[in-house]
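got a predicted structure plus its sequence, pasted below:
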Amino acid sequence: MAKEKILAVDDDPGLLTLMKARLEAAKYQVCVAAGGEEALGCANESIFSAAVLDLKLGDTDGIDLMEQLLKIQPYLPVIILTAYGTIERAVEATKKGAYDFLTKPFEAKDLLYRLEKALEVGRLKVEVDRLQHMVKQRYRFDNIIASSSKMQHILNQVAQVASTDSTVCLYGESGTGKELMAKAIHVSSPRAKGPFIAINCGAIPEGLLESELFGHMKGAFTSAEGTKKGLFQMADGGTLFMDEVAELSPALQVKLLRVFQDREFYPVGGTKSVRIDFRLVTATNRDLWKAIQEGKFREDLYYRIHVIPINLPPLRERIEDVPLLAAHFLQHFNREMNKSIQGFSPEVMQMLMLHSWPGNVRELANVVERAVALSTQAEIRPESLFLGGVETPVQKKLMLLDEAREEHDRAYLTQVLTETCGNVSRAAVLAGRYRAEFYKMMHKYGINPSDFKGNTGP
C-alpha cells in the first residue's frame, strides 16, 4: 500500500533531487516543484498529505506560497526549510500556519522524523473535522425525525432558542429525546465549537455529585489523591446539560443557585474561586412546580433554570411519527446486524400504531432492534414483534369507526410517503389514487411531503 503523497518545493535542483530520493526511499510518493507557480499547479491537481517548502524561492516568498497552498488544501501540514540567517522568518511562518521549520543543512533522518509528526497532525485535523461535521449533521434540527405538527412546532421553537444564550429547561417523560434535543441546541448555537458536557443528576450518588460538578483539590477528602477538574470547568465555553435536575439534594440546590447566578464557584477543598462561562440546559421528567409545593425543590432555583421551558410530548401523543421512526431504526439496525429487511408487514405496522409506548422513542428503538435480530424474513412479521407485555391491539379500547378510519388513513399516507421519500407522484401510484386526490388527503390530515425527503434520525 502506497504511503502519503508529499509536495517538495525548492529552487536548488541538487537539494530537490536529494529530498526526492530520501523521501522515496522512505516509501513516500513525492511531487517536486522548483518554484511557487509550479507548486500551486501541483496542489490544484493532486491532494498532498504534507509539504516541505524552502523559505526563499526564486519566484516567490515561501510564506506567501504556504498561505496560498493552505487556501487550496486547508489541512496541509507544512514544514519550512530555512538557513540560519532567516530563522526569525521561519518562526513567523509557524505563527501563520506552518507546522514546523528545519534549518539547512539537515540530516535526512531529522526531516523524516519531523515529516512523520506533521503527518500525524494532519490526520488528526482531518479526523476532528470529520467528527465535528458528522455530529453537526446528526444533531441538526432538520435531521430529527418529526412529521407531527406538535414536534414541528417544538423544533421551530427550539431552533429560535438555540441562537441565544438563554437557559433552557426540557420537560418530558423518559425516552422522549431530551438529551438529543439538548445536543441539537448545542450544535446549532454559537457555542457549537465548545464542549457539550452531560450529567445525569440521578445516576451519581449524592456524596460524589458535588465533587463531580465542582471538582476537588488534592487532599480535599480521603480518596482525593490529586486535583481534579469538575464538570463545570469542563463545560467552560460550551454547554452543560444537567438531566434529572429534580433529583438534586436541597444542600446542592443552594450551591448551584450561586453558581448559576455568579458563574463562579470554589472546588471542593479549594480556597480560590473559579470563573466559568457555559450555557445551561436542564431536563426533568417531573413536575418541578409540584416539587416546589412539596418542599423538594427550591423556588429561587426553579426561576433560574425555568427561563425557556420546552415540553417534549410522549410518543403516544405524536403517533404519526411512529412509521418514520420505525423505518429509521430498521435501517440503522439493518446496518449494524448486516441484514436487509425491507420493511414492516401491515399487521406489524398496525400493532406499532396502536401501542401506547410507555417507554417512548427509546422503547420503539428497542422493539425494532429485537425484531430485526429475530426476523428471518424479508419483512418484520408479528411473530418477531414483542411489545413488552403491555396493552395489545385486542385489549385496547375500541375506537369509533370514523376515528379508526382516520387513524388508519393517516398512518397509511405516512408509510407510503416514507417509502417514496416524499415523492407525491410515486406515492399516489402506489396508493392507486390520482395525484390531485392524494394531495387532498394529505391536506386533510396536515401531512407535508417535504418532511419525508432525506430525513435521518437520532
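In hand now; what should we look at? Numbering: from 1, shown residues only.

for the nearest residue to I447 once chain neighbours are set aside, grab the count of nearby residues.
Excluding its sequence neighbours, the residue lying closest to I447 (Cβ to Cβ, 6 or more residues apart in numbering) is L413, at 5.7 Å. (Each C-beta comes from the backbone N, C-alpha and C, glycine too.) If you count neighbours by other Cβ atoms under 10 Å, L413 ends up with 21.

chain center to the helix or strand containing L413: distance?
With secondary structure defined by DSSP states H and E, L413 is part of helix 401-419. In this view, helix 401-419 has its centroid 33 Å away from the chain centroid, taken as Cα atoms, centre = their mean, to the nearest Å.

stretch 159-170 now?
Relative to its parent chain, stretch 159-170 has a centroid offset of 17 Å by Cα atoms, centre = their mean.

stretch 369-389 now?
Chain-centre distance of stretch 369-389: 29 Å, with Cα atoms, centre = their mean.

before we move on, what about stretch 8-16?
Chain-centre distance of stretch 8-16: 45 Å, with Cα atoms, centre = their mean.

which residues are contacting it?
For stretch 8-16, the external contacting residues (Cβ atoms under 8 Å, 6 or more residues apart in numbering) are 19-20, 23, 30-36, 38-39, 51-54, 56-59, 62, 65, 81, 104.

quick one, helices of the stretch 201-350 of the chain?
All helices of the stretch 201-350 of the chain, identified by DSSP state H, counting those that start in this stretch, fall at 206-214, 231-234, 250-262, 288-293, 299-305, 322-337, 346-354.

outside of the fourth one, which residues touch it?
For helix 288-293, the external contacting residues (Cβ under 8 Å, 6+ apart) are C169, A246, F297, R298, E299, Y302, H306.

looking at those residues, which are in strands?
Using DSSP state E, C169 are the members of the contacts of helix 288-293 that sit in strands.

low-confidence ranges in the protein?
Counting by pLDDT under 70, the chain shows low-confidence ranges at 1-3, 84-86, 90, 126-143, 216, 218-226, 388-402, 404, 454-458.

what residues sit buried inside stretch 54-69?
Within stretch 54-69, the residues that qualify as buried are D54, L55, L57, T60, G62, I63, L65, M66, L69, counting by 16 or more other Cβ atoms under 10 Å.

excluding chain neighbours, what is closest to the second one?
Pointing back at L55 there. Sequence neighbours aside, G62 is the residue nearest to L55 in space, at 4.0 Å (criterion: Cβ to Cβ, 6+ apart).

please name the nearest non-neighbouring residue to M441.
Using Cβ to Cβ, 6+ apart and skipping the chain neighbours, the partner closest in space to M441 is L413 (6.1 Å).

can you tell me how far that neighbour is from A428?
The gap separating L413 from A428 is 10 Å, by Cβ to Cβ, to the nearest Å.

distance from the chain centre to the following helix or strand past the helix holding L413, please.
Per DSSP H and E, the first helix or strand lying C-terminal to helix 401-419 is helix 424-431. Centroid displacement of helix 424-431 relative to its chain, using Cα atoms, centre = their mean, is 34 Å.

can you give me the angle helix 424-431 makes with helix 401-419?
On the basis of axes from the mean of the first three to the mean of the last three Cα atoms, to 10 degrees, helix 424-431 is oriented at 120 degrees to helix 401-419.

end-to-end on stretch 229-245?
In terms of Cα to Cα, to the nearest Å, the two terminal residues of stretch 229-245 are separated by 21 Å.

what's in contact with that stretch?
With contact meaning Cβ under 8 Å, 6+ apart, stretch 229-245 is reached by 169, 178-179, 182-183, 185-186, 189, 191, 194-203, 211-216, 259, 265, 267, 274, 276-285, 305.

show me which of those are buried.
Using 16+ other Cβ under 10 Å as the burial test, the contacts of stretch 229-245 include 169, 178-179, 182-183, 185-186, 189, 191, 194, 196-199, 201, 211-216, 259, 265, 267, 274, 276, 278-285, 305 as buried.

by contact count, what packs against the helix holding L413?
Where contact means 3 or more Cβ pairs under 8 Å, 6 or more residues apart in numbering; DSSP states H and E, helix 401-419 is packed against helix 322-337, helix 346-354, helix 424-431, helix 435-444.

any buried residues in that helix, and which?
Buried residues in helix 401-419, defined by neighbour count with 16+ other Cβ under 10 Å: E407, R410, A411, Y412, L413, T414, Q415, V416, L417, T418, E419.
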